[in-house]
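**Q** Next input, structure requested:
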Amino acid sequence: MGNKIIHLALALIFLINFTSIANAGKETMIISSRLTSSPSIYGNIVTWSDTFGNMVGMYDLTTGNITGLGYAQNSPSIQGDKITWWDGESVIVYNISTGKETKIDNTSTPAIYGDNVVYVRSKYVDGQPAYYQNAEYNSLYLYNLSTSEEVQLIPYTHDLFGTHPRWGFSTYGNKIVYGRMNRADPGEYSANISIYDIPTKRISDISRTGRAGGGKIYGNIVVWIEYKNKLMNVMDVYMRDIAKHETRQITFDGNSTNPDVYGDRIVLEKKYRGGEKWSSDIYMYNISTNETTRITDSTYAREPAIYDDKIVYIDSRTDPEHRENRDIYLYNISA
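**A** Below you'll find the model as predicted:
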């Protein structure tokens, strides 16, 4: 009991000493829409999925132009001048500079860095290819857009790389971060965050609890969620510096999710009960200073993504009752 009290006291001290309210920066609504989800940002380009029409949207912060790119079954991923998504049957890679699309058939759930696209190929027990991630066997592949060469990274396995954020993955440089799930029996499973190193083909686990998901990587920093119960509704954010071999717990409230990382900053969503409904806001954690800053106070903000000094997120403040109007906001830290 004494140790539990000490740990609780330390968590409270952490929150009191290191949480502040953002007193600088500028928030702007950039997309007014109905059913947007999962925005991402790179440079001056913001992308998202529109679940009302299953469309990938692209917004240019410089010109203000909005472009619909095509049908999608998952959230788009952007890096450099390329955007990739899954249209339900194939992975699509769109080159912003040239307007050219590359299609990779019978694949799903892509992530991209430079000319490398990583994705899943699935098959059924009889060996036939499958479009969807709930097939019996899945494998991680890499496709190089410059050489048009495809490489299978791991054998086909029961481990699942689903479209759910618990099992999604991201890539940076020569490293791929993903959720590797193991099933002990049909009713029990565990999932850990793993790193695949492309040059060495080495796989290493960076979480060992069996209840991890939502991994993102930037540079040497990996962030993810640790689920604290079987219902997956008590969760905190963790990070690991893979160069220093150090793991750190970022949040202690049990209501933190959807982390993203860029440079020295981690953005995340904190959920809390507001009356009869759950509410949420965006927070930012500085790795060097251990300082946590609250970015929004609308109580309707979620799904943050960060690039440089810009944070994008979904906010339903214009439709608090039904929350179907999910507008996209940009918060500029330096403005």
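
**Q** pLDDT score for Pro76?
**A** Turning to Pro76, the model gives it a pLDDT of 91.

**Q** ok, now which ones touch it?
**A** When contacts are counted by CB atoms under 8 Å, 6 or more residues apart in numbering, Pro76 is found next to 38, 40, 47-49, 56, 69, 83-85. Placement of C-beta: from N, CA and C, glycine included.

**Q** how about 7 Å then?
**A** Taking CB atoms under 7 Å, 6 or more residues apart in numbering as the contact definition, Pro76 lies against 40, 47, 49, 56, 83-85.

**Q** can you pull the pLDDT of Asp159?
**A** 61.

**Q** related to what we said a few turns ago, give me the lowest-pLDDT entry from the contacts of Pro76.
**A** Among the contacts of Pro76, Ser49 has the lowest pLDDT, at 90.

**Q** quick one: which helix or strand includes the nearest residue in space to that one that is not next to it in sequence?
**A** Spatial nearest neighbour of Ser49, excluding adjacent residues (CB to CB, 6 or more residues apart in numbering): Ser75 at 4.8 Å. For Ser75, there is no enclosing helix or strand under DSSP states H and E.

**Q** just Asn138 next, same as before
**A** Going by DSSP H and E, Asn138 is in strand 137-144.

**Q** Just give me the neighbour total for the residue nearest to Ser49.
**A** 22 (other CB atoms under 10 Å).

**Q** my read: it touches Thr47, true?
**A** No - contact between Ser75 and Thr47 fails when scored by CB atoms under 7 Å: they sit 8.4 Å apart.

**Q** quick one on the thing from earlier: who are the neighbours in contact with the residue nearest to Ser49?
**A** Ser75 touches 37-38, 49, counting by CB under 7 Å, 6+ apart.

**Q** Could you pull out the helices in the chain for me?
**A** For the chain, applying DSSP state H gives helices covering 2-18.

**Q** low pLDDT regions in it?
**A** 1-23, 131-135, 158-168, 182-189, 230-231, 274-275 (pLDDT under 70).

**Q** Can you give me the first-to-last residue distance of stretch 47-56?
**A** Stretch 47-56 has an end-to-end distance of 7 Å (CA to CA, to the nearest Å).

**Q** distance between that stretch and the chain's centre?
**A** Per CA atoms, centre = their mean, to the nearest Å, the displacement of stretch 47-56 from the mean C-alpha position of its chain is 16 Å.

**Q** hmm, which two among the contacts of Pro76 are most spread apart?
**A** Maximum pairwise distance in these, criterion CB to CB, is 12.2 Å, between Ser49 and Thr84.

**Q** Just want to know which of these two has more residues nearby.
**A** Thr84 (25 against 22).

**Q** can I assume that one is in contact with Ser90?
**A** No - under the criterion of CB under 7 Å, Thr84 is not in contact with Ser90, lying 10.8 Å apart.

**Q** Would you map the strands across the stretch 151-300 of the chain?
**A** Counting by DSSP state E, counting those that start in this stretch, the stretch 151-300 of the chain has these strands, from start to end: 169-172, 175-185, 188-197, 202-205, 212-218, 221-227, 235-241, 246-249, 256-262, 265-274, 277-286, 292-294.

**Q** To Met29, which of those lies closest?
**A** Of these, the one closest to Met29 (CB to CB) turns out to be strand 277-286, at 14.2 Å.

**Q** that older thread, who does the strand holding Asn138 touch, helix- and strand-wise?
**A** strand 116-123, strand 149-152 (3 or more CB pairs under 7 Å, 6 or more residues apart in numbering; DSSP states H and E).

**Q** 10 Å - rerun?
**A** In terms of contacts (3 or more CB pairs under 10 Å, 6 or more residues apart in numbering; DSSP states H and E), strand 137-144 is packed against strand 90-95, strand 101-105, strand 108-113, strand 116-123, strand 149-152, strand 175-185.

**Q** Check which residues of it are buried.
**A** Buried residues in strand 137-144, counting neighbours by 16 or more other CB atoms under 10 Å, are found at 137-143.

**Q** That strand vs strand 108-113, what angle?
**A** Computed by axes from the mean of the first three to the mean of the last three CA atoms, to 10 degrees, the angle separating strand 137-144 from strand 108-113 equals 30 degrees.

**Q** Quick one: distance of strand 137-144 to the chain centre.
**A** 19 Å.
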